[in-house]
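Colleague: I'd like to go over a predicted model; first the sequence, then the structure.
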Amino acid sequence: MQLEEAFPGKVICKGTALNPPFDRLPRFVAEYLVAKFAPEGAENRLSRLREFVQRHYPTLEQREWAKDQLLRRDRLVLIDELRVKPDLTTGLYTAQLATLGDVRVTVPSEICDRYPAVLYGLWGTLELRYEKRSREATLRQFIPFQVGADFQEFLRGRAQFSLNEWVDILLGAVGFDPARLLDREKQLLLTRLAPLVEPRLQLMELGPRQTGKSFLLRNCSPDVFLLSSSTVSPATLFYHQVSRRPGLLSAYSVVVFDEIGHGRWVDRELIGTLNDVMESGRFTRGGRAFTVQTSLVFLGNTDDPSVPQTKLLPRGLAGETGFLDRLNALIPGHELPKINPQLVNHGVGLAVDYLAEILRFLRKKDIHLAIAHELPPRCTERDLRSVRRLVAAFAKLLYPAGDWSLDQLRPWIELACELREKVWVELSAWNPVEFPPRQRREVVDSGPKGATAISTLAEAERELGEAVGAVSESLAESANAEGNSSARGET
């Protein structure tokens, strides 16, 4: 079946969003606009959309023109990211928009109540008014970019494709040309998507530059916040005690620490609190207790694949086995190709903003808790928890209706075991007494994927497989009971 037939109105030409002026926008914003106003790619509609973007998303050179329009007409509509700051000296909420530069815009507190993510940045359409008497610019209306999605309709569309076809569709939606990728590369790229569907999944990826580590998550979903590791602080992450503003972990589903090797992690309070979050999802700051479901992703650039790869981590994290053991998986970035024009999908694909809404819906499915089994010998509780979470993520991505079998999930169970074992290898390199080396890895024939499994985790794989039926039944029942997915409500 053609993709357009299975998902009517949700498929666009990916190359369109890569062309000017759409290429100036984040991918999920560009594809939202294309899917909504020119879904069939008609040139007359695209032409009007280009004019709309050019008029309402001014470039740096057009910034003074935008200010002039606001001053002359007392009203201006913009496409921009709204990032609000509470001003304690005035008691007001204000924002500075990239399209207007140093112009301070007063924001009604109701908008912050309705969309808490604006405290850290949320894209949408903004209507500004200018009061000549007070000489103030005020935000009158804000419409965030979000799309509704019928989950049952999505499941009917998914059912029209085989597993291999669906893997290609997912990768095509996030911007890759699957025809240019090996099966192993497809598996690892899907692992990058896992935090979008599974709460409290902690991943690290270390590898060469230009492999798209930060690009994929940053451009796939508005629920992701990309944080430079040089700006990490307890106030930013957890809770700002002066402004009483919740941190990033309370506002986003996924927080990505980019270029982790360049940051400063000497604050023991920061590391201790982060370890608490990774372990339990709870932390205390300023006398207040918080519970979060945020997934954390740590990205680092290195050309050296030798163990321990985590030697590139900054002081405070390098060799910190308490932190490393809380990672659920280590993605081998050296096995992924560098991004080039041939790897980019210029053909048709699911609109990434639509996919982001579906992934947000799947993230609310708490299926991994249905797996109940004893801890296998030689396998730690954190090993088991890590494999369980990653397999749950793969199941949601590949079989959202819960209609899998053990044989179908086996390659993904093996992959989850392998990626967790890479964490153990790092731990063993830093502290072989506490984390003694395990038996050598064995390659297990798992069909065309050729995934590797860890001999010491074989028992975990078997017991996890025995629980697959229970997980499948749980998700199937949830899928049948759900109707339309709601608009953005997870912050």
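Modeller: All right, it came through fine.

Colleague: Please make it C-alpha for all contacts and neighbour counts, starting now.
Modeller: Fine.

Colleague: where does the most far-flung residue of the chain relative to its centre land in three-state SS?
Modeller: Here the centre of the chain is the reference, and by C-alpha atoms, centre = their mean the most remote residue is residue 133, at 44.2 Å. When classified by DSSP: H, G, I helix; E, B strand; the rest coil, residue 133 comes out as coil.

Colleague: Helices along the stretch 201-350 of the chain, start to end?
Modeller: 213-220, 234-237, 248-251, 268-280, 321-324 (DSSP state H, counting those that start in this stretch).

Colleague: and the third one, what's its mean pLDDT?
Modeller: This means helix 248-251. The average pLDDT for helix 248-251 rounds to 89.

Colleague: Can you show me the strands along the stretch 51-200 of the chain?
Modeller: In the stretch 51-200 of the chain, the strands defined using DSSP state E, counting those that start in this stretch lie at 75-82, 84-87, 92-96, 104-107, 122-131, 136-144, 149-150.

Colleague: how about those, which one is nearest residue 250?
Modeller: Evaluated with C-alpha to C-alpha, the strands of the stretch 51-200 of the chain place strand 122-131 nearest to residue 250, the distance being 14.5 Å.

Colleague: Check the offset of that closest one from the chain's centre.
Modeller: How far strand 122-131 lies from its chain's middle: 26 Å, per C-alpha atoms, centre = their mean, to the nearest Å.

Colleague: before we move on, what about stretch 173-181?
Modeller: Relative to its chain's centre, stretch 173-181 lies at 18 Å (C-alpha atoms, centre = their mean).

Colleague: so for that stretch, what's the average pLDDT?
Modeller: For stretch 173-181, mean pLDDT is 95.

Colleague: One more: stretch 329-343?
Modeller: Averaging pLDDT along stretch 329-343 gives 95.

Colleague: Alpha carbons of it, as CSV, please.
Modeller: Taking Å, rounded to 0.1, in the frame of the first residue of the first chain, the C-alpha atoms of stretch 329-343 are listed here in CSV:
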residue,chain,number,x,y,z
ALA,A,329,22.4,2.0,27.1
LEU,A,330,25.6,3.2,25.3
ILE,A,331,25.1,3.7,21.6
PRO,A,332,28.2,3.0,19.6
GLY,A,333,28.3,6.2,17.5
HIS,A,334,31.3,5.0,15.6
GLU,A,335,29.1,2.5,13.8
LEU,A,336,26.9,5.2,12.3
PRO,A,337,27.7,7.1,9.0
LYS,A,338,28.4,10.8,8.8
ILE,A,339,25.5,12.8,7.4
ASN,A,340,25.8,13.6,3.7
PRO,A,341,23.3,14.7,1.0
GLN,A,342,22.7,11.1,-0.1
LEU,A,343,21.6,10.1,3.4
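
Colleague: Return the distance of it from the chain's centre.
Modeller: 17 Å.

Colleague: What residues sit buried inside the longest helix anywhere in the chain?
Modeller: Criterion DSSP state H: the longest helix present in the chain is helix 406-430. Buried residues in helix 406-430, counted by 16 or more other C-alpha atoms under 10 Å: 406, 409-430.

Colleague: same for it, what does it pack against?
Modeller: Packing partners of helix 406-430 (3 or more C-alpha pairs under 8 Å, 6 or more residues apart in numbering; DSSP states H and E): helix 321-324, strand 329-332, helix 381-398, helix 458-466.
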